[in-house]
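1. using only what follows, build the 3D model:
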Amino acid sequence: MTGFSLGKMNFIIKALKDKGLIKLKSFSTYPNKLNYLYLLTPQGIIQKTNLTLHFLKRKEADYEALRREIEDLK
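-> Residues are numbered from 1 along each chain as shown. Okay, the predicted model is just below:
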């Protein structure tokens, strides 16, 4: 459970599609409607990679700050 309403999820998915970050396909012929597949486009992969790199840099900075603080406390 995500805590998002169906309307909110549809809004977000449409925005991601409009930005070209995901591709959607019609699955009207498939019997199991729960198995939808959302694919990242090349632009989406680049965006996700950049977000991951920024996250890792922040975590590295946090680690270094904690390491310095521990060293100072010694």
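2. what mean pLDDT does the helix or strand encompassing L56 get?
-> In the assignment (DSSP states H and E), L56 maps to helix 42-73. The pLDDT scores in helix 42-73 average 89.
3. next, count neighbours for L21.
-> As a burial measure, L21 scores 19 neighbours (other Cβ atoms under 10 Å). Backbone N, C-alpha and C define where each C-beta goes, glycine included.
4. how close does it get to T41?
-> 6 Å (Cβ to Cβ, to the nearest Å).
5. got the domain ranges for the protein?
-> 1-40, 41-74 (automatic domain parsing).
6. tell me which residue is most central in this protein.
-> The geometric centre of the chain, computed from its C-alpha atoms, lies nearest to K48 (Cα atoms, centre = their mean), at 6.3 Å.
7. L16: neighbour count?
-> So L16, with other Cβ under 10 Å, has 18 neighbours.
8. so it makes contact with K23?
-> No - here L16 does not reach K23: they are 9.7 Å apart, not a contact under Cβ atoms under 8 Å.
9. burial of the residue nearest to I12 when sequence neighbours are not counted, as a residue count?
-> The shortest distance from I12 to any non-neighbouring residue, by Cβ to Cβ, 6 or more residues apart in numbering, is to F4 (7.6 Å). Neighbour count of F4, defined by other Cβ under 10 Å: 11.
10. do G44 as well
-> With other Cβ under 10 Å as criterion, G44 counts 17.
11. mind listing what the residue lying closest to it once chain neighbours are set aside touches?
-> Sequence neighbours aside, L21 is the residue nearest to G44 in space, at 3.6 Å (criterion: Cβ to Cβ, 6+ apart). L21 is in contact with L40, T41, Q43, G44, Q47, counting by Cβ atoms under 8 Å, 6 or more residues apart in numbering.
12. how close does the residue nearest to I12 sit to E71?
-> Distance of F4 to E71, computed by Cβ to Cβ: 43 Å.
13. next: I12.
-> I12 is 43 Å from E71, by Cβ to Cβ.
14. who has more neighbours out of those two?
-> I12 (11 against 8).
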